[in-house]
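J.: Predicted model, plus sequence, below.
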Amino acid sequence: MPLFLNDEQTMLRDTAKDFVTEHAPVSHMRALRDAKDATGFSRDLWKQFADMGFTGILIGEDAGGLGLGHVEAGVVLEEIGRNLSPSPFLTTAVAAVEALKGTAQADRWFPGILAGETVAALAIDEGAKHRSSVGMKAERSGNGFRLTGAKQFVTHGHVADLLIVAARTAGSPDDDAGVTLFAVPRDAAGLTATPERLADASLAARIAFDGVEVDADAVIGEVDAGRDPLSRLLRAGRTGAAAEMLGVGGGAMDMTVGYLKDRKQFGVAIGSFQALQHRAAHLYSEMEVARAAVLKAQQLLDAGDEKADQAVSVAKAMTGLATTLAVQEGVQMHGGIGMTDEYDIGFYMKSGRVLAEMFGDANFHADLLAKTAGY
C-alpha cells in the first residue's frame, strides 16, 4: 500500500482543512478557555461537523454514514489537531463508533451521532496511567447488572450522552477474560461525574458508579467477552489520537518554521543560522517518519490486517515522540515569547502532552510491543 493519500482522500483533507480552519481555529479554543466554558467544546460546532458528514465517516452506508475508513477519519483528526479544535470527534465518531459496530447498541446511538446530537465518552481508565487492567465490578442484578467502582480521565464525561464503560463480570483485574463493555446513559441513577481541567484547558471527568443499575440490553457484544469491542475501541482511539497528535506536531512545526523566516537578528532572518536549520531539518524528518507510521496503521486497520495492533502501537509511540520534539523545539526556537500566553505555540505543547497520554504513552506502547515480541 502506498504511503500517500489518494485523490478522494486528498479532497476530503482539503475540505476538512478549510472547514476547521474557518470554524474552529486556535482562537476558538482560546475563547472557550477564557470564558471558562463548562462544556469543553461547542455543541453548535459539533452539529456543523455532522452537517459536513464528518461524524458518519466510520459508520456504514447501510446505517446512514459514509462507510469510509480510518485513513479518512485520520484526515479530519489531523486538521482538528492542527487547529487545536476542542471536539468530541475522537471519542465519539471514532472510538465509540468502532466499539458499537455490529452490536445491538448501534441502532440506538448511531442516529444521534450522525445528527451531531450525541456525544460519547470512554470510561476505560482506572489508574494514574493507561493500563489494560479492569477492576470495576459489574454484578448480576435482576435482568441486568449493577456497576460499582470509579473511572478517571474520561474526556467529556461530565456532559456526554453515552458512557462506554469497561467493567469486570468475572475473574481478577488483570485477566483478559471476564471483561464486559456497557453502554450507560449519562443520566443513570447513581452515576456522579466530577470534571477537571487538564493541562490544555480541556475537560475530563472522574466518574463514580455507586450501584448504577443497567439492563441486559446495555451490554455491548457479549457478557465476559468485552475484550473484543474494547480492543476495537482502543485500536481506533490510539490511531485517532496519533493522527490528531500528528496535526498538533505539524501545526507547531509550521508555526516555528514561519517564525524562523520572519524573526530577524543582526539584520538577517534567524532561519539562516545553520544550527537552527539543522534542528528544523531534523524535526521535519521525524514528523515525516511519524506520518508514515500513522498512515500505515490506518491502512492496516482498514484492511483488517493481523499486524494492525503492532502498527497502531508503533504509530502512537512514534507520533508521541515526534510531536513532543516539535512542540519543545517550537517553544525554544520562539525564545522567551514562546513561554507567553499571547503566542499560540505554548498551547500546542499542552495539547501534545495530553494527547501523548491518551490511550497509552510512548513507554506504554514500547513495552506492549516488546511483550508482543516475546520479551
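T.: Received it, and whenever you're ready, just let me know what you need.
J.: Could you count how many residues lie near A188?
T.: Using other Cβ atoms under 10 Å, A188 is surrounded by 16 other residues. Any C-beta I mention is one placed from the backbone N, CA and C, and that applies to glycine too.
J.: hang on, V119 packs against P88?
T.: Yes. Applying Cβ atoms under 8 Å, one finds V119 in contact with P88, separated by 4.6 Å.
J.: shared neighbours of these two, which are they?
T.: 46, 156, 160 (Cβ atoms under 8 Å, 6 or more residues apart in numbering).
J.: between these, which is nearest V134?
T.: V134 lies nearest to A160 out of the shared contacts of V119 and P88, by Cβ to Cβ, at 19.4 Å.
J.: who touches the nearest residue to the closest one once chain neighbours are set aside in this structure?
T.: In this structure, A160 finds its nearest non-sequential neighbour in A121, 3.6 Å apart by Cβ to Cβ, 6 or more residues apart in numbering. Contacts for A121 (Cβ under 8 Å, 6+ apart) come out as 88, 91, 154-157, 160, 162-164, 186, 205.
J.: Cross those residues against strands and list the overlap.
T.: For the contacts of A121, the ones inside strands are 154-155, 162-164, 205, with DSSP state E as the criterion.
J.: export those to a markdown table and tack on pLDDT and neighbour count?
T.: As requested, these are arranged in a markdown table below (pLDDT from 0 to 100; neighbours: other Cβ atoms under 10 Å):
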| residue | pLDDT | neighbour count |
| --- | --- | --- |
| V154 | 98 | 25 |
| T155 | 97 | 24 |
| L162 | 97 | 23 |
| L163 | 98 | 27 |
| I164 | 98 | 27 |
| A205 | 97 | 24 |
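J.: Helix, strand or coil: sort out Y343 for me.
T.: coil (DSSP: H, G, I helix; E, B strand; the rest coil).
J.: Not counting residues beside it along the chain, what's closest to it?
T.: Using Cβ to Cβ, 6+ apart, the closest residue to Y343 is I337 (5.3 Å).
J.: starting at the chain centroid, how far to the longest helix anywhere in the chain?
T.: If you go by DSSP state H, the chain has its longest helix at helix 227-262. Remark: helix 227-262 is offset 8 Å from the chain centroid, using Cα atoms, centre = their mean, to the nearest Å.
J.: Identify each buried residue in it, please.
T.: By 16 or more other Cβ atoms under 10 Å, the buried positions in helix 227-262 come out as 227, 229-230, 232-253, 255-257, 259-260.
J.: Identify, from the contacts of A121, the entry nearest to P111.
T.: Using Cβ to Cβ, those come closest to P111 at L162, 12.2 Å.
J.: Could you report the distance from that closest one to D367?
T.: As judged by Cβ to Cβ, to the nearest Å, L162 and D367 stand 31 Å apart.
J.: quick one, what contacts the closest residue to M349 other than its chain neighbours?
T.: Setting aside the residues directly before and after it, M349 is nearest to V327 in space (Cβ to Cβ, 6+ apart), at 3.9 Å. Neighbour list for V327: 248-249, 252, 345, 348-349, 352-353 [criterion: Cβ under 8 Å, 6+ apart].
J.: would a markdown table of those residues with pLDDT and distance to K371 be doable?
T.: A markdown table is the format used below for the contacts of V327 (pLDDT from 0 to 100; distance: Cβ to Cβ, whole Å):
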| residue | pLDDT | distance to K371 |
| --- | --- | --- |
| V248 | 98 | 28 |
| G249 | 98 | 27 |
| A252 | 98 | 32 |
| I345 | 96 | 36 |
| Y348 | 97 | 32 |
| M349 | 96 | 31 |
| G352 | 97 | 26 |
| R353 | 96 | 25 |
